[in-house]
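Q: model this:
(one chain, ligands or ions: 3)
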Amino acid sequence: MAVGALPVQSDPTLVADIRRYGTFDGAACYQCGSCTLSCDLVDGEATFPRKSIRYGLLGLRGPMLATLDPWICHDCGDCSTACPRHAEPRISMVTLRRFLSAQYDWSGITSRLLQSRAWYLGSLISVAIFTFLLILGYHVWKVPMTVGQLATTDLGLEHMVPIITYYTLVVVLLPLALLLSRVLRVWHWTMADQQIPLSAYAAEAWTYFYQSVTHSLMRKCPEKGRWRGHWMLACGTVAMLIIKTFGLRWFQTDKIYPIYNPQRWIGYLAAGFILYGIGDILVGRWRAQKEIYKETKFNDLVFPVLIVGVVLSGLTAHVLRYCGFGLSCHYAYALHVIVATPLLLIEMSFGKWSHMVYRPLALYFRAVKERAQQQAPAPEGVPNAI
Ligand code: HEM
Ligand code: SF4
Ligand code: SF4
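A: Ligands and ions are numbered 1, 2, ... in the order given. A predicted model of the protein is given here:
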């Protein structure tokens, strides 16, 4: 028997594989069902979140790779609070998301980074150093100027706009292209075995965009401010990505604008949204009182800390420029590019940020499956209502 292209056989190594990505304490579970009763994602099918955890314990690698459930779980923590055995089903779902991200990545890089703190940190630092060398090389060979001149000359920001425009396109579009290449793999594992008409994919396409924009499932979280903070963070980040990719010439300028100019207030608004959202997360993780912040792994912190670094270095460059400190602004700007590059190249491609593609994708595929089931003709002699 097979799930799509994946055989259904018990694989005793699966649990050990999953545990390389974090805590997966399914053995404590005695299947009482309290987690399922507490989970607001359960609608008729009384298996959430136990099904995925069971796949792991039974060594069912094929069904595990074919499941979308860990991406649909919005990490509210109700199941862990309800669990009488302290089996921490929420944390198991977090671990499964890391495990699945690694399986989706055909290059094997995600797997290496998520299993080893040294590799993770090493890759972030290497990309940052490489970016620094690129900035240095550009000025020394392309401008050209000596390192001494570079360290003491205020060149303004506009001189780098042409090269940074191409650079930004590469560091934003490359991780997105990598993520899209994995979407094919996810589709193959989760959907390819089912005879789903193209019309179902087309009819539900809006679900992908709707979920990307609203993150509406998170609103079900009992922690009400969480959705607001996350939504503001995502809006601010996406707005900045769009401006930097398509409107850099307008945004990165040496001109001084009045406060009411959209170039300024759009930038302040986006930075404010990001800092509000990220502050909410970091304070929560620091206090570690709520169920959702009980366990903080190294890679849970890398993403928010990098975002803070990018926003603060960008704001510093902006303030220094408006205060007339052109040379210091140049240094702050270089730091901004040096922190932003690993955020985009590592975190978006291989780290936690990849969820911005996987989560809406899972919700989209689930909606497609449901639509296809509704459209399927009922078996002969059995009315549709049954
Ligand atoms: C630019 C887009 C996005 C950014 C910058 C972003 C940022 C983040 C960050 C920093 C976290 C970690 C929160 C923590 O550590 O507690 C997070 C978690 C989360 N995000 Fe996003 N996100 C984005 C897009 C999305 C989308 C499109 C969805 C859903 C459709 C989504 C759903 C979630 C959920 C459910 C969590 C909590 C579970 C988890 O930590 O994995 N996010 N997001
Ligand atoms: S509540 Fe705990 S013990 Fe009960 S089924 Fe869920 S994970 Fe298992
Ligand atoms: S963390 Fe929340 S959404 Fe996820 S399985 Fe548990 S109860 Fe359901």
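
Q: check which helix or strand V319 maps to.
A: Following DSSP states H and E, one finds V319 within helix 298-322.

Q: so whatever helix or strand comes next after that helix versus helix 298-322, what angle?
A: On the C-terminal side of helix 298-322, the closest following helix or strand by DSSP H and E is helix 326-342. When axes from the mean of the first three to the mean of the last three CA atoms, to 10 degrees is applied, the directions of helix 326-342 and helix 298-322 differ by 160 degrees.

Q: whichever helix or strand comes after helix 326-342 near ligand 1 at all?
A: Going down the chain from helix 326-342, the next helix or strand is helix 355-375, by DSSP H and E. Yes. For helix 355-375, a contact with ligand 1 is found by CB under 6 Å from any ligand atom, at H355, M356, R359, P360. Backbone N, C-alpha and C define where each C-beta goes, glycine included.

Q: so what does the helix holding V319 touch, helix or strand wise?
A: helix 117-137, helix 262-287, helix 326-342 (3 or more CB pairs under 8 Å, 6 or more residues apart in numbering; DSSP states H and E).

Q: name the residues of that helix that are buried.
A: 299-300, 302-304, 306-318, 320-321 (16 or more other CB atoms under 10 Å).

Q: so how far is that helix from its chain's centroid?
A: 17 Å (CA atoms, centre = their mean, to the nearest Å).

Q: and the pLDDT for Q289?
A: Per-residue confidence (pLDDT) for Q289: 86.

Q: quick check: it vs ligand 3, distance?
A: Computed as CB to the nearest ligand atom, to the nearest Å, the Q289 to ligand 3 distance reads 17 Å.

Q: tell me how far that residue lies from S216.
A: Using CB to CB, to the nearest Å, Q289 is found at 26 Å from S216.

Q: repeat for L312
A: Distance from L312 to S216, by CB to CB: 30 Å.

Q: what's the answer for T207, then?
A: In terms of CB to CB, T207 sits 10 Å off from S216.

Q: how about G279?
A: Counting by CB to CB, the separation of G279 from S216 is 23 Å.

Q: Q289 and S216: who's more crowded?
A: S216 (13 against 9; other CB atoms under 10 Å).

Q: please name the nearest non-neighbouring residue to that one.
A: Y210 (7.3 Å; CB to CB, 6 or more residues apart in numbering).

Q: let me know the closest of the residues of helix 355-375 next to ligand 1 to ligand 3.
A: Closest approach to ligand 3 among the residues of helix 355-375 next to ligand 1 (CB to the nearest ligand atom): R359, at 12.1 Å.

Q: just to check, that closest one is in contact with T207?
A: No. In this structure, R359 is not within contact of T207 by CB atoms under 8 Å, at 11.7 Å.

Q: who has more neighbours out of the two?
A: Between R359 and T207, counting by other CB under 10 Å, R359 is the more crowded of the two (22 against 18).

Q: report pLDDT for the more buried one.
A: On the pLDDT scale, R359 gets 97.

Q: got a list of what the residue lying closest to it once chain neighbours are set aside touches?
A: Of all residues not flanking R359 in the chain, W71 sits nearest, at 5.1 Å (CB to CB, 6+ apart). When contacts are counted by CB atoms under 8 Å, 6 or more residues apart in numbering, W71 is found next to R97, L100, H355, Y358, R359, L361, A362, L363.

Q: state which one residue of the stretch 251-386 of the chain is found closest to ligand 3.
A: Counting by CB to the nearest ligand atom, the stretch 251-386 of the chain gets nearest ligand 3 through I292, at 8.0 Å.

Q: and that residue, how many neighbours?
A: 22.

Q: could you do G156 as well?
A: Count around G156 with other CB under 10 Å applied: 14.

Q: could you list the domains of the chain?
A: Domain assignment for the chain, taken from automatic domain parsing, gives 2-104, 113-370.

Q: which of the ones you listed sits most buried?
A: Looking across those with neighbours counted as mean count of other CB atoms under 10 Å, the highest average goes to domain 2-104: a mean of 18.

Q: okay then, goodbye and thanks.
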